[in-house]
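[1] The following block contains a protein sequence and its predicted model.
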Amino acid sequence: MTARRFILVVDDDRDLRESLREMLEEHGHLAIDVEDGAEALAVLRSQDVCLVLLDWHLAPMSAPELKAELDADPALREIPVVIISADIWIDRQALAGFAGHLRKPIDLVALFETIERYGDDGGDG
């Protein structure tokens, strides 16, 4: 049996990210939540992460800047990054290079389909 891998939730809205982490855990997934790109990089460099759910509007490191950091690191570039955002104005070109996009409020069916596609295979959701 292989080791379980984490789903990383990155969002500056504490209530949202904690709720999302708790829901993932209730469905049998391992999850970590952090509030910004610097914390995300630290987790990605120290934990086995299978999927990143990343808020588009982060500061001081934006989602595209964090993705560029991941792409520059051979150990991290293959980790799928799915954008989570309520912003309806993000264009398709801006999302190029990301594994997907989930709109807030997050549709749970779409979330668990995304996890099934990219996630840890450890949950029952």
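    Received the coordinates, thanks. Residues are numbered from 1 along each chain as shown.
[2] got the contact list for P105?
    A86 (Cβ atoms under 8 Å, 6 or more residues apart in numbering). (Each C-beta comes from the backbone N, C-alpha and C, glycine too.)
[3] Report the residue spans of the chain with pLDDT below the cut-off.
    By pLDDT under 70, the weakly predicted segments of the chain are 1-4, 120-125.
[4] Try it again at 80.
    Along the chain, the model assigns pLDDT under 80 to residues 1-4, 119-125.
[5] Pairing partners for the helix or strand that contains V9, with directions?
    V9 belongs to strand 6-10 when assigned by DSSP states H and E. Strand 6-10 has its sheet partners listed here by DSSP bridges as strand 30-34 (parallel), strand 49-55 (parallel).
[6] In the top helix by length along the chain, which residues are buried?
    The residue-count maximum for a helix in the chain (DSSP state H) belongs to helix 14-26. If you call a residue buried by 16 or more other Cβ atoms under 10 Å, then helix 14-26 has these buried ones: 16-17, 20-21, 23-24.
[7] Neighbours of V34, how many?
    19 (other Cβ atoms under 10 Å).
[8] cool, V81 as well?
    24.
[9] Skipping its backbone neighbours, what lies nearest it in space?
    Excluding the flanking residues, the one nearest V81 by Cβ to Cβ, 6 or more residues apart in numbering is V52, at 4.5 Å.
[10] If anything else comes up later, I'll come back, but that's it for now.
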